[in-house]
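>>> what's the 3D shape of this:
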Amino acid sequence: MNIQWYPGHMTKAKRAMKEDMKLIDLVIELVDARVPLASRNPDLDELGRGKSRIVLLNKGDLADERLNEAWTRYFQEKGFFVLKVNARSGSGLKQLNGVVQEACREKLQRDRKRGILNRPVRAMVVGIPNVGKSTFINSFTGKACTKTGNKPGVTKGNQWIRLNKSLELLDTPGILWPKFEDQRVGLLLAFIGSINDEILHKEELAMELIRFLMEYYPGVLEKRYQIDVREEPAAGNETGAGMTAGNEPEDSNGHGSDQSPTGKKAKVQAASVLTQIAQARGCLMKGKETDTAKAAGILLDDFRSGRLGRITLEFPEADIP
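Residues are numbered from 1 along each chain as shown. Model prediction:
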């Protein structure tokens with residue numbers, strides 16, 4: 001699948017973010033704990049250069065807990081302050097004020113030396129679409145300050161929110177970057193709902209997810225849908241990306257090529273599993289033909305909502321299952 005999505009409003013939002021960087025002390029970046037690297041906009045490192053940085057592993061309750069810990073270590077080693085949170089339930093948010101104070105310690109000390117007292121830390125909240133920024137702000141402030149939704153593009157403009165005397169937040173729209181050089185990134189973002197579903201081929205997307213789950217989380221599909229998947233998982237992954245099996249030839253997207261024997265077999269098997277899911281969920285069209293498009297939507301919704309269990313799609317190299 002070739003996935004690209006960069007609506008025109010994102011260019012305007014990026015320009016506004018660049019201007020507002022002059023006003024802030026701290027960047028709070030939300031990433032999806034299931035795809036922590038893919039859900040980071042690479043432009044933010046340049047835009048936020050010289051600013052204190054906090055990474056929030058949001059939706060940590062949906063991700064594999066062992067890998068949450070591995071990703072926390074990964075980002076800490078890169079020099080970020082890191083906190084695992086669940087913006088919807090508020091889990092982990094009570095610790096954030098302390099982390100903000102720690103991240104901005106040098107700035108606060110400079111203010112005191114200059115006689116500047118009680119000046120609030122100004123933090124910009126950033127992240128890609130549908131990563132949970134607005135939900136985080138509403139939970140953190142304890143009131144509905146921003147609109148929320150389960151699809152990308154709900155927040156349209158920047159908005160200042162005064163949390164208390166020591167912290168002000170700037171909510172920003174979710175923005176991507178103009179082109180996914182690595183198509184694996186586009187695929188992972190499509191899995192978590194950060195790409196507009198209307199431009200995606202859901203059946204192909206669902207089959208890619210099935211291939212991943214069969215390799216790294218065997219038994220998940222059988223348990224959820226009461227189907228019989230007998231095929232042994234493919235050989236281990238050496239890339240750390242969680243998407244390419246063994247040493248088979250890769251396609252231009254970094255996946256096992258559908259032209260290789262292993263790739264063809266996996267694609268046929270994924271299609272068979274999707275058909276089984278359709279049958280198990282009663283997804284039928286006229287003439288009792290299985291509706292695999294509807295089944296694909298069910299599978300993606302089940303993954304995104306956590307009904308398949310705690311699943312991480314991207315692994316630090318040293319922590320490949």
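
>>> listing request: residues of the stretch 151-300 of the chain with sub-threshold pLDDT.
For the stretch 151-300 of the chain, applying pLDDT under 70 flags the ranges 151-158, 231-263.

>>> can you show me the helices along it?
183-192, 202-216, 220-225, 261-280, 292-305 (DSSP state H, counting those that start in this stretch).

>>> for those helices, which one sits closest to Asn138?
Asn138 sits nearest to helix 292-305 of all the helices of the stretch 151-300 of the chain, at 19.1 Å, using CB to CB. For the C-beta atoms, the positions are set from N, CA and C on the backbone; glycine is no exception.

>>> before we move on, back to that, so which of the helices of the stretch 151-300 of the chain comes closest to Arg105?
For Arg105, the closest of the helices of the stretch 151-300 of the chain is helix 183-192, at 33.4 Å, according to CB to CB.

>>> so the residue located most distally from the centre of the chain: helix, strand or coil?
Seen from the C-alpha centroid of the chain, the residue lying at the greatest distance (CA atoms, centre = their mean) is Gly115, 41.5 Å away. Secondary structure, DSSP: H, G, I helix; E, B strand; the rest coil: Gly115 is coil.

>>> what of Glu29?
Glu29 ends up strand, using three-state DSSP.

>>> redo the helices of the stretch 151-300 of the chain as CSV? Include distance to Val100 and mean neighbour count.
Below are the helices of the stretch 151-300 of the chain laid out as CSV (distance: least, CB to CB, whole Å; neighbours: other CB atoms under 10 Å):
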stretch, distance to Val100, mean neighbour count
helix 183-192, 26, 23
helix 202-216, 35, 22
helix 220-225, 37, 18
helix 261-280, 44, 18
helix 292-305, 29, 19
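
>>> how close does Phe80 get to Lys51?
Between Phe80 and Lys51 the distance is 11 Å, computed by CB to CB, to the nearest Å.

>>> and if you look at Glu102?
Distance, Glu102 to Lys51, by CB to CB: 15 Å.

>>> counting neighbours, go ahead and name the busier of these two.
Lys51 (17 against 12; other CB atoms under 10 Å).

>>> next one: Leu117, what pLDDT does it get?
Reported pLDDT at Leu117 in the predicted model: 78.

>>> adding distance to Arg162, write the helices of the stretch 151-300 of the chain out as TSV.
Shown next, in TSV, are the helices of the stretch 151-300 of the chain (distance: least, CB to CB, whole Å):
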stretch	distance to Arg162
helix 183-192	31
helix 202-216	41
helix 220-225	44
helix 261-280	48
helix 292-305	33
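
>>> can you give me the strands for the stretch 51-200 of the chain?
Taking DSSP state E, counting those that start in this stretch as the criterion, the stretch 51-200 of the chain carries its strands at 52-58, 81-84, 121-126, 159-164, 167-171.

>>> among those strands, which is nearest Asp25?
For Asp25, the closest of those is strand 121-126, at 5.2 Å, according to CB to CB.

>>> quick one: list the elements packing against that closest one.
Packing contacts for strand 121-126, counted by 3 or more CB pairs under 8 Å, 6 or more residues apart in numbering; DSSP states H and E, involve helix 9-20, strand 26-32, helix 96-103, helix 133-141, strand 167-171.

>>> report pLDDT for Ala318.
Ala318 is assigned a pLDDT of 53 by the prediction.

>>> no wait, Arg40
We have a pLDDT of 94 for Arg40.

>>> excluding residues flanking it in the chain, which one is nearest it?
Spatial nearest neighbour of Arg40, excluding adjacent residues (CB to CB, 6 or more residues apart in numbering): Val31 at 5.5 Å.

>>> how close does the one you found sit to Pro120?
Applying CB to CB, the value for Val31 to Pro120 is 25 Å.

>>> look at those two and report which has more neighbours.
When neighbours are counted by other CB under 10 Å, Val31 and Pro120 differ, and Val31 comes out ahead with 24 against 14.
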